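Student: mind folding the following:
(2 chains)
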Protein chains: 2
Amino acid sequence: MNKGQTTREFIIEKAASIFNKNGFAGASLSELMAATGLKKGGIYNHFKNKDEIMIEAFDFAIKKFNRQIYLAYKDKKTSLKKMQAIIDFYKTYPLNPVIEGGCPIINTAVDSDNTHPALKSRVKEVLGKWIENMCFIIEKGIEAGEIKNNIDAHKSAVFLVTTMQGGVLIARSFEKISYMEIIVDQLNAYINGQLKK
Amino acid sequence: MNKGQTTREFIIEKAASIFNKNGFAGASLSELMAATGLKKGGIYNHFKNKDEIMIEAFDFAIKKFNRQIYLAYKDKKTSLKKMQAIIDFYKTYPLNPVIEGGCPIINTAVDSDNTHPALKSRVKEVLGKWIENMCFIIEKGIEAGEIKNNIDAHKSAVFLVTTMQGGVLIARSFEKISYMEIIVDQLNAYINGQLKK
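Tutor: Numbers count the residues shown, from 1 in each chain, chains lettered A, B, ... in the order given. Okay, the predicted model is just below:
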């Protein structure tokens, strides 16, 4: 990376938590200037506008989120163990997010709804991939004979991702991890009682 | 209501959808002026500041939400029928919200997180009451012998509310009610398979 690229990456990294905490309308240039130590021109030298910074910041946040989840389950040998590792990741995630300010998928889904179609479309894509990824793990589990073969992998993946994301929303609202623990217990009961062969 | 109160209520009603669509930082006085046909002075004559409008608008939205849910289940005679009616309400709620812009609980939970402690505290209270209400319905069902008596009503209520709210988030993100239908099917399976005696 040349110096320009390094500065650009540095701005995106700082912008990721500022946008995640404050939303698109609430994120201010002055906060980004303070966080980066750059002047307005030093920031807009690298980006067309606020929209471009927000979309890059969201992509940065999602890459970090995806990487953390992948690291949590990549060494697990079976689909059930992979799912367990993902649920364990979510057990602490609400109050210990990958990017300061909470889950970038939830925050950006709500923030972009009604106001920012380009960003909303990115959220849809990211959520779609996350569900597809979970679906793939379930399908592999069916093939391997670990998971019942009458399970609809897509529906099951939608349920798991939705419930985990809902748990993050509720646990952050109450600022109590005990709410996420209730959800995790229910999801474990679902996996062991409904999915597992 | 005197004329001042009528105007105040009118401003709150218009503000509710503007804040619900745009969030606190994104909601503009000019949009509220356009929606009410009032000038700045005509609005701030009734409120101390933007914070007061937002909190009153949130309370208005929640009253409307609570009333719609209550109307959906009030005539049902048993706890299981009440729960069914609530889930049926949620089946269309994501794309047909009570207040334009989506679910005010989800929107305000995300919007206030990190930025607006007074509003966040109101969200926590509203979510707490919603869970308590669901818990009460489950407890009545246990007393009536409809629901298994080894069920932890609080945990079950947290799971139901979390999953329904998560479903709203996901269905709105995809702009497809089919995602909510998947969640509704899972919740019905949970109620019939795990809770029902």
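
Student: quick check: buried residues in the helix or strand containing residue A:31?
Tutor: Here residue A:31 is covered by helix A:29-36, with elements defined by DSSP states H and E. Taking 16 or more other CB atoms under 10 Å in any protein chain shown as the basis for neighbour counts, the residues of helix A:29-36 that come out buried are A:31-32, A:36. (Each C-beta comes from the backbone N, C-alpha and C, glycine too.)

Student: quick check, whichever strand or helix holds residue A:60 touching chain B?
Tutor: Under DSSP H and E, the secondary-structure element containing residue A:60 is helix A:50-73. No. Contact of helix A:50-73 with chain B (CB under 8 Å from any CB of the partner chain) is absent, the minimum separation being 12.5 Å.

Student: list the buried residues for that helix?
Tutor: Neighbour counts over helix A:50-73 (16+ other CB under 10 Å) mark A:50, A:53-58, A:60-62, A:64-65, A:69, A:72-73 as buried.

Student: elements contacting it?
Tutor: Applying 3 or more CB pairs under 8 Å, 6 or more residues apart in numbering or on different chains; DSSP states H and E, one finds that helix A:50-73 contacts helix A:3-26, helix A:79-92, helix A:104-112, helix A:117-143.

Student: switch the cut-off to 6 Å
Tutor: Here helix A:50-73 is seen to pack against helix A:3-26, helix A:79-92 when contacts are counted using 3 or more CB pairs under 6 Å, 6 or more residues apart in numbering or on different chains; DSSP states H and E.

Student: so which of these comes closest to chain B?
Tutor: When the helices and strands packed on helix A:50-73 are ranked by proximity to chain B, the top entry is helix A:3-26, at 3.3 Å, counting by CB to the nearest CB.

Student: identify the residues contacting that closest one?
Tutor: Among residues not part of helix A:3-26, those counted as contacts by CB atoms under 6 Å, 6 or more residues apart in numbering or on different chains are A:27, A:31-32, A:35-36, A:43, A:46, A:53-54, A:56-57, A:60-61, A:99-101, A:104, A:107, A:111, A:116, B:23, B:25-26, B:114-115.

Student: same question for stretch A:49-68.
Tutor: Applying CB under 6 Å, 6+ apart, the external contacts of stretch A:49-68 come out as A:12, A:15-16, A:19, A:24, A:47, A:98-99, A:104, A:108, A:126.

Student: residue A:49: how many residues sit nearby?
Tutor: Counted with other CB atoms under 10 Å in any protein chain shown, residues neighbouring residue A:49 total 8.

Student: taking chain A, what residue is nearest to chain B?
Tutor: Checked against chain B (CB to the nearest CB), the nearest residue in chain A is residue A:166, 2.2 Å away.

Student: confirm that that residue sits in a helix.
Tutor: Yes. Judged by DSSP: H, G, I helix; E, B strand; the rest coil, residue A:166 forms part of a helix.

Student: give me the number of residues near it?
Tutor: Using other CB under 10 Å as the criterion, residue A:166 is surrounded by 26 other residues.

Student: isn't it right up against residue B:166?
Tutor: Yes. Shown here, residue A:166 and residue B:166 form a contact pair, counting by CB atoms under 6 Å, at 2.2 Å.

Student: need the residues touching each of those two.
Tutor: Overlap between the contact sets of residue A:166 and residue B:166, as judged by CB under 6 Å, 6+ apart, is nil.

Student: how about residue A:110, nearest residue that isn't a chain neighbour?
Tutor: Setting aside the residues directly before and after it, residue A:110 is nearest to residue B:110 in space (CB to CB, 6 or more residues apart in numbering or on different chains), at 4.0 Å.

Student: picking up where we left off before, who wins for most neighbours among the contacts of stretch A:49-68?
Tutor: Neighbour counts for those peak at residue A:19, which has 31 neighbours (criterion: other CB under 10 Å).

Student: interface residues of chain A facing chain B?
Tutor: A:21-23, A:25-26, A:101-102, A:107, A:109-110, A:113-114, A:123-124, A:127, A:155, A:158-159, A:162-163, A:165-167, A:170, A:172-174, A:179, A:182-183, A:186 (CB under 6 Å from any CB of the partner chain).

Student: tell me the secondary structure for the residue of chain A most remote from its centre?
Tutor: The centre of chain A is farthest from one residue, residue A:41, which by CA atoms, centre = their mean lies 31.0 Å away. In the three-state summary, residue A:41 is assigned as helix, counting by three-state DSSP.
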